[in-house]
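> Dropping a prediction and its sequence here:
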Amino acid sequence: MQFRQQALAKLQSPEELDLPVRFARPQGWLVLAVTVVVMAAACVWAVTGSVASTVSAPAILTHGQGSYILQSPVAGQVTEVVAEQGQRLPADAPVLKVRTADGVTVVRTVAAGRITGLAATIGQIIQTGANVASVEKIARTSDPLYATVYVPAENAASIPADAAVDLTVQSVPTQEYGVLHGRVKTVDRSAQSAQQISAFLGDSQLGEQFTKDGRPVAVLVKLDKSSGTKSGYEWSSADGPPFALTSMTSATGSIRLADQHPVDWLLP
């Protein structure tokens, strides 16, 4: 009987036009509003926002003028090593003596600098053009250190002037003292060969190491100075390491690239 009454009521008002219609619950309106706000914010960010990225590459701490490899101009036997490793010498200073068939020849520095490596020993037989020493070009002990970062050539164009650089120094515990701060000073226009890198650093092994994955571009980084640290440079920690930095120290540089527009990723 009850079912029959419901059926008759349905026939009398098949469209139920006299009943209120609920389009959505309050919770549904809240979800819809939040979704619209999020989508609007995403659209605004896609048009006006930017995405920061970095490139990491091997680096070396040096003085700005770099180094050079001193080669013997004659063949013969080394009779005396005059210079000592770490010694600062003026230009044309004696480094070692070589006995030849015509007498004794003195091998001298080409430019003023500090002896960073001696490859010749007393009694050694050397040939013309043999590498006998590496000399870092440094005029004064107060000359500042720079970092040379060897980045892949494809990333060089994305490095802006004065870009921020974080350097993880190999001889400094990162967890305790943090990273070294600096700014990009110059970016080379062309990729460098192993020979060019070796000539600048005064180390043929580094030239081979930095070019094993292709010819990189050299990025010169000026280190941020600080009078409150032992090293004289700014670190991510307050004090930095309790010792001074030396040249020819290996590091890894993380360079901030130019900001990229996210809309470029959305467009085909």
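Thanks, I have it.
> Apart from its neighbours in sequence, what residue is nearest V179?
D166 (4.5 Å; CB to CB, 6 or more residues apart in numbering). (Each C-beta comes from the backbone N, C-alpha and C, glycine too.)
> Which strand runs longest in this protein?
strand 54-63 (DSSP state E).
> what's it packed up against?
strand 145-152, helix 204-210, strand 216-223, strand 249-256 (3 or more CB pairs under 8 Å, 6 or more residues apart in numbering; DSSP states H and E).
> Recalculate using a threshold of 10 Å.
strand 113-118, strand 145-152, strand 164-169, strand 180-187, helix 194-201, helix 204-210, strand 216-223, strand 249-256 (3 or more CB pairs under 10 Å, 6 or more residues apart in numbering; DSSP states H and E).
> Okay, now the sheet partners of the second one, with direction.
Partner strands and pairing direction for strand 145-152 (DSSP bridges) are strand 54-63 (antiparallel), strand 216-223 (antiparallel).
> Let's have the helices and strands packed on strand 54-63 in TSV, adding mean neighbour count.
Shown next, in TSV, are the helices and strands packed on strand 54-63 (neighbours: other CB atoms under 10 Å):
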stretch	mean neighbour count
strand 113-118	20
strand 145-152	22
strand 164-169	21
strand 180-187	20
helix 194-201	19
helix 204-210	17
strand 216-223	21
strand 249-256	19
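> Between these, which one is closest to Y68.
For Y68, the closest of the helices and strands packed on strand 54-63 is helix 194-201, at 6.5 Å, according to CB to CB.
> Report all helices and strands that the closest one contacts.
Helix 194-201 is packed against strand 54-63, strand 67-71, strand 131-136, strand 145-152, helix 204-210, strand 216-223, with contacts defined by 3+ CB pairs under 10 Å, 6+ apart.
> can you state the direction angle for that helix and strand 145-152?
Relative orientation of helix 194-201 versus strand 145-152 (axes from the mean of the first three to the mean of the last three CA atoms, to 10 degrees): 170 degrees.
> circling back: would you mind giving the strands paired with strand 145-152 as JSON lines with mean pLDDT and distance to G207 added?
Shown next, in JSON lines, are the strands paired with strand 145-152 (pLDDT from 0 to 100; distance: least, CB to CB, whole Å):
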{"stretch": "strand 54-63", "mean pLDDT": "90", "distance to G207": "11"}
{"stretch": "strand 216-223", "mean pLDDT": "94", "distance to G207": "11"}
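> how about those strands, which one is nearest R88?
When these are compared (using CB to CB), the closest one is strand 54-63, at 11.6 Å.
> which parts of that closest one are buried?
55, 57-63 (16 or more other CB atoms under 10 Å).
> Distance to S190 added to the strands paired with strand 145-152, as CSV?
Below are the strands paired with strand 145-152 laid out as CSV (distance: least, CB to CB, whole Å):
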stretch, distance to S190
strand 54-63, 16
strand 216-223, 7
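> who wins for proximity to V172 among these?
Of the strands paired with strand 145-152, nearest to V172 by CB to CB is strand 54-63, at 10.7 Å.
> so where do the strands sit in the stretch 1-150 of the chain?
Taking DSSP state E, counting those that start in this stretch as the test, the strands found in the stretch 1-150 of the chain are 54-63, 67-71, 76-81, 88-89, 94-100, 103-108, 113-118, 125-126, 131-136, 145-152.
> Take these and lay them out in JSON lines including distance to L223.
Conversion of these to JSON lines gives the following (distance: least, CB to CB, whole Å):
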{"stretch": "strand 54-63", "distance to L223": "8"}
{"stretch": "strand 67-71", "distance to L223": "18"}
{"stretch": "strand 76-81", "distance to L223": "34"}
{"stretch": "strand 88-89", "distance to L223": "21"}
{"stretch": "strand 94-100", "distance to L223": "30"}
{"stretch": "strand 103-108", "distance to L223": "32"}
{"stretch": "strand 113-118", "distance to L223": "19"}
{"stretch": "strand 125-126", "distance to L223": "37"}
{"stretch": "strand 131-136", "distance to L223": "17"}
{"stretch": "strand 145-152", "distance to L223": "6"}
